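**Student:** dropping the sequence and predicted coords here.
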Amino acid sequence: MREAAVVSQPNPLQRIPGVAIVLGTLIVLFGAIAPGFLTPANLSNVLVQSTILTMLALPMTLIIMTEGLDLSMGAVLTLTSLCVAIVSLATQSMLLGLGAGVLVGAAFGIVNGWLVAILGIPPFVATLGTLGMAQGLSLIVSDGQSVVGIPHSVRDIYSATLLGIPVPVVIALVTYVAFHGLLYHTRFGSYVFALGGNREALRYAGLSPNKLLIAVYAIGGTMAGIAGLLMTARMNSGHPTAGLGLEFDAIAAVAVGGTSFERGNGWLLGTLLGVIAVGVLRNGLNLISLPSSVQVASVGVLVIVALFLDGLRSRT
């Protein structure tokens, strides 16, 4: 008699992404050791504080899917925040301030894309150069000082609510929905996948990979401009070093979320979970009074642990 074939059942671990395991572990850990971590007020604070990072990490996902990188995003955020503060202070108009920030951010994004796509400069080097440019311009336009006295229309954005939900969280959710639709339900989204996975197919289809790549970087710069409004509102001022280092957290969130740095593999929901994981980690470390230097190191450890769990899951 022929023995019945043994069908192996998939390991349940394979169905759980590394970022979900890490996020759940962090919530349980800080819930046990950090006083007040699980209070509704603090959890709401985690979400609000994660909104700016969300608006950087989502476009960073698209950029990384093209096998690119944008190290200038934090510095561009700083510059756009200053532009929002200066223009809104001069005109008493939030919309004009936002428009100035978006224009400056988009311009830097286009320059980044042009350097990478047209001149063929490696993304790391190109965006490292524009990082320095944005930092220098931030110091020039602010004279190294904070820009204070911004109008209430800007300041109130960060503390306002809509149907009981903080406005920054609403903005972040709308941004996520927009990026989800863009990446998964439009032709442009399929082109983004192809930029990282099969660029030749775009050429055979009569499309210009260079123009598409510039568009992806331009989206990143534009989002830094929009995030600049939230940064200005959050700090109640424009500051010449406000967003420096946030590009590291954005890249970390994308990596923790499971987006591959090659072959155009990206997962926006994973990025969103990665952003929350970074926010939970920083918040929990603040509550137990660990210094910022330890927090930076901990974000690096978070990336390594999440990638290790994903690698372990794929082998089981």
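**Tutor:** On my side now, so go ahead.

**Student:** can we go C-alpha only for contacts and neighbour counts from here?
**Tutor:** Fine.

**Student:** quick one, phi psi at Gly238?
**Tutor:** When read as degrees, to the nearest 10, the backbone of Gly238 gives phi -110, psi 130.

**Student:** for Ile157, see how far away it is.
**Tutor:** 15 Å (CA to CA, to the nearest Å).

**Student:** per-residue pLDDT of Val22, please?
**Tutor:** If you check Val22, the pLDDT there is 84.

**Student:** that one: what's it in contact with?
**Tutor:** Shown in contact with Val22 (CA atoms under 8 Å, 6 or more residues apart in numbering): Ala277, Leu302, Val305, Ala306.

**Student:** what residues sit buried inside stretch 43-59?
**Tutor:** Residues of stretch 43-59 classed as buried: 43, 46-59 (neighbour count, 16 or more other CA atoms under 10 Å).

**Student:** alpha carbons of the worst-scoring helix or strand of the chain on mean pLDDT, as PDB, please.
**Tutor:** None of the helices or strands of the chain scores lower by mean pLDDT, DSSP states H and E than helix 292-315, at a mean of 76. The C-alpha trace of helix 292-315 is given here as PDB (Å, rounded to 0.1, in the frame of the first residue of the first chain):
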ATOM      1  CA  SER A 292      19.100  60.600  23.300                       C
ATOM      2  CA  SER A 293      22.400  58.900  22.300                       C
ATOM      3  CA  VAL A 294      21.100  55.600  23.600                       C
ATOM      4  CA  GLN A 295      17.900  56.200  21.700                       C
ATOM      5  CA  VAL A 296      19.800  56.600  18.400                       C
ATOM      6  CA  ALA A 297      21.700  53.400  19.100                       C
ATOM      7  CA  SER A 298      18.500  51.600  20.000                       C
ATOM      8  CA  VAL A 299      16.900  52.500  16.700                       C
ATOM      9  CA  GLY A 300      19.900  50.800  15.000                       C
ATOM     10  CA  VAL A 301      19.400  47.700  17.100                       C
ATOM     11  CA  LEU A 302      15.700  47.700  16.200                       C
ATOM     12  CA  VAL A 303      16.500  47.600  12.500                       C
ATOM     13  CA  ILE A 304      18.900  44.700  13.000                       C
ATOM     14  CA  VAL A 305      16.500  42.700  15.100                       C
ATOM     15  CA  ALA A 306      13.600  43.200  12.700                       C
ATOM     16  CA  LEU A 307      15.700  42.100   9.700                       C
ATOM     17  CA  PHE A 308      17.000  39.100  11.600                       C
ATOM     18  CA  LEU A 309      13.400  38.000  12.400                       C
ATOM     19  CA  ASP A 310      12.400  38.400   8.800                       C
ATOM     20  CA  GLY A 311      15.400  36.400   7.700                       C
ATOM     21  CA  LEU A 312      14.600  33.700  10.300                       C
ATOM     22  CA  ARG A 313      11.000  33.600   9.200                       C
ATOM     23  CA  SER A 314      11.900  33.100   5.500                       C
ATOM     24  CA  ARG A 315      14.100  30.200   6.400                       C
END
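
**Student:** and for that helix, what are the contacting residues?
**Tutor:** 13-14, 17-19, 22, 249, 252-253, 255-256, 258, 278, 281-282, 285.

**Student:** most neighbours of all these, which one?
**Tutor:** Highest neighbour count within the contacts of helix 292-315, by other CA atoms under 10 Å: Val256, with 35 neighbours.

**Student:** one step back: what would the contacts of Val22 look like in CSV with distance to Thr186 and neighbour count?
**Tutor:** As requested, these are exported to CSV (distance: CA to CA, whole Å; neighbours: other CA atoms under 10 Å):
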residue, distance to Thr186, neighbour count
Ala277, 29, 28
Leu302, 33, 24
Val305, 33, 17
Ala306, 30, 23
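
**Student:** got a list of contacts for stretch 41-52?
**Tutor:** For stretch 41-52, the external contacting residues (CA under 8 Å, 6+ apart) are 36-37, 166, 168-169, 171-172, 227, 230-231, 275-276, 279-280, 283.

**Student:** just want the most central residue of the chain.
**Tutor:** Ala57 (1.5 Å; CA atoms, centre = their mean).

**Student:** next, give phi and psi for that one.
**Tutor:** According to degrees, to the nearest 10, Ala57 has phi -70, psi -30.

**Student:** re the thing from before, now, among the buried residues of stretch 43-59, which is nearest to Leu131?
**Tutor:** Relative to Leu131, the closest of the buried residues of stretch 43-59 is Leu56; by CA to CA it sits at 14.7 Å.
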